[in-house]
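Visitor: give me a model of this one.
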Amino acid sequence: MSESLAERRCKPCEGGIPPLTPAQAAQLLTQVSSAWVLTEAARAIRRDFAFRDFYRTMSFVNALAHIANLEDHHPDLEVGYNYCRVKFTTHAVKGLSENDFVCAAKVDLIPLS
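Guide: Numbers count the residues shown, from 1 in each chain. Sure, this is the predicted structure:
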């Protein structure tokens with residue numbers, strides 16, 4: 001049995017490889033929450049999170065930051081009182097890599113209540 005995205009680790013990426021094709025990205029997208037969407041000509045994935053208050057928003061952001069630091073793969077975040085918008089892309093390849101989906105799968109495991 002193949003290991004799930006959430007069980008994988010990000011691989012160092014310094015560029016020199018092509019980004020995922022839209023078809024490859026769409027296939028990996030089926031392995032994460034349906035709340036993740038492809039954006040920007042399949043160069044990024046994005047998910048919007050909503051929370052009851054600032055405390056819960058920041059708790060989520062801190063948990064996400066912990067994952068990002070462990071994986072050494074960092075998203076772009078837009079954070080407000082009761083929301084967080086998360087966008088993963090691999091800047092070194094100017095598009096998506098498997099690392100973006102590995103991190104999205106790990107973010108999906110963060111409790112939201």
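
Visitor: for the rest of this, base every contact and every neighbour count on C-alpha atoms.
Guide: Noted.

Visitor: next, the buried residues of the longest helix anywhere in the chain.
Guide: If you go by DSSP state H, the chain has its longest helix at helix 54-71. Neighbour counts over helix 54-71 (16 or more other C-alpha atoms under 10 Å) mark 56-58, 60-61, 64-65, 67-68, 71 as buried.

Visitor: can you name the next helix or strand after it?
Guide: strand 76-80 (DSSP states H and E).

Visitor: residues making contact with the next helix or strand after that next one?
Guide: Counting by DSSP H and E, the next helix or strand C-terminal to strand 76-80 is strand 83-88. Residues outside strand 83-88 that contact it (C-alpha atoms under 8 Å, 6 or more residues apart in numbering): 44-51, 57, 61, 74-79, 96, 100, 104.

Visitor: can we see that at 7 Å?
Guide: Residues outside strand 83-88 that contact it (C-alpha atoms under 7 Å, 6 or more residues apart in numbering): 44-51, 57, 75-79, 100.

Visitor: quick one: average pLDDT of the longest helix of the chain?
Guide: The average pLDDT within helix 54-71 is 98.

Visitor: and of the contacts of strand 83-88, the nearest to residue 2?
Guide: Relative to residue 2, the closest of these is residue 100; by C-alpha to C-alpha it sits at 18.3 Å.

Visitor: what's the helix or strand for that closest one?
Guide: helix 98-107.

Visitor: CA atoms only for that helix, dumped as PDB, please.
Guide: The C-alpha trace of helix 98-107 is given here as PDB (Å, rounded to 0.1, in the frame of the first residue of the first chain):
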ATOM      1  CA  GLU A  98       4.500  17.400  -4.600                       C
ATOM      2  CA  ASN A  99       5.700  19.300  -1.500                       C
ATOM      3  CA  ASP A 100       2.700  21.600  -1.800                       C
ATOM      4  CA  PHE A 101       0.300  18.700  -1.500                       C
ATOM      5  CA  VAL A 102       2.300  17.000   1.300                       C
ATOM      6  CA  CYS A 103       1.900  20.200   3.300                       C
ATOM      7  CA  ALA A 104      -1.700  20.600   2.400                       C
ATOM      8  CA  ALA A 105      -2.400  17.100   3.600                       C
ATOM      9  CA  LYS A 106      -0.700  17.800   6.900                       C
ATOM     10  CA  VAL A 107      -2.600  21.100   7.300                       C
END
